[in-house]
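[1] Provided below are the primary sequence and the corresponding predicted coordinates.
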Amino acid sequence: MAEYKKIVELSLPSILGLELVAVDASASLAKLMGFSDDRIQDLMTAVEEACLNAIEHGNRQNADMKVLVALTVDEAKLQIDVHDRGKTAFNPDIKKPDIDAKVSGEDSRTRGWGLFLIKSLVDEVEFKWSPETGNITRMVIHLKQPKMEANNASGMQSYSS
Ligand SMILES: Nc1ncnc2c1ncn2[C@@H]1O[C@H](COP(=O)(O)OP(=O)(O)OP(=O)(O)O)[C@@H](O)[C@H]1O
Ligand SMILES: [Mg+2]
């Protein structure tokens, strides 16, 4: 796979359910690159959450607005960009969900897991927004990254222009 740095591009109408097309494409490419089944599962969850956010929050489920998903193979890395046309930036620096508070009922909100999962499951994540481009969630997984490091999301950056 290292001989090419091919980009697979998907253009999805913002309809819930179509995120699975991006999930399957990401999993297929990761499998071709030789990622382990565990790592592919991590990637699938992260891609699903990023695409759901793009469909639901960025494009507000307007089927005429596309979510663009670009898959880039870069030697031992797979990069997935999920791009929506959101008109406003969002703050991705969310707090880690408090599982105890959720279990005890103290925190009754069932939402708010997506960004936490994305940050936990991929090796690199970056959120960008500009008025011209909308939101881009960029996720990267490394073929040779040890699992412990892979789950360290501290390298996350976020910025908007
Ligand atoms: N692509 C996006 N465009 C605009 N806002 C976003 C986007 N992604 C996330 N957000 C904002 O960040 C918040 C947190 O996202 P997160 O995915 O963690 O939770 P959620 O989508 O509200 O719930 P869940 O993912 O658990 O179903 C969202 O509620 C939304 O306000
Ligand atoms: Mg979400």
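    Now that the structure is in, tell me what you want to look at. Ligands and ions are numbered 1, 2, ... in the order given.

[2] starting at the chain centroid, how far to the lengthiest helix in the chain?
    With DSSP state H setting the assignment, residue counts place helix 37-53 as the longest helix in the chain. Here helix 37-53 is found 7 Å from its chain centre; the criterion is CA atoms, centre = their mean, to the nearest Å.

[3] tell me the average confidence for that helix?
    Averaged across helix 37-53, pLDDT comes to 98.

[4] and the next element down the chain from it?
    Next helix or strand after helix 37-53 toward the C-terminus (DSSP states H and E): strand 66-74.

[5] contacts for the helix or strand hosting residue 26?
    Applying DSSP H and E as the criterion places residue 26 in helix 19-33. The contact list for helix 19-33 (CB atoms under 8 Å, 6 or more residues apart in numbering) reads 1, 8, 10, 12, 39-40, 43-44, 47-48, 51-52, 55, 67, 69, 71, 73, 78, 80, 82, 141, 143. (C-beta placed from N, C-alpha, C; glycine too.)

[6] what about that helix, average pLDDT?
    97.

[7] And it, what's buried?
    Neighbour-count burial for helix 19-33 flags 19, 22, 23, 25, 26, 27, 29, 30, 33 (criterion: 16 or more other CB atoms under 10 Å).

[8] Can you spell out which helices and strands pack onto the longest helix of the chain?
    Packing partners of helix 37-53 (3 or more CB pairs under 8 Å, 6 or more residues apart in numbering; DSSP states H and E): helix 19-33, strand 66-74, strand 77-83, helix 114-121, strand 134-142, helix 147-150.

[9] switch the cut-off to 7 Å
    helix 19-33, strand 77-83, helix 114-121, strand 134-142 (3 or more CB pairs under 7 Å, 6 or more residues apart in numbering; DSSP states H and E).

[10] I'd like the ones you listed laid out as JSON lines, including distance to residue 127.
    Compiled in JSON lines, the helices and strands packed on helix 37-53 are given as follows (distance: least, CB to CB, whole Å):
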{"stretch": "helix 19-33", "distance to residue 127": "17"}
{"stretch": "strand 77-83", "distance to residue 127": "10"}
{"stretch": "helix 114-121", "distance to residue 127": "8"}
{"stretch": "strand 134-142", "distance to residue 127": "6"}
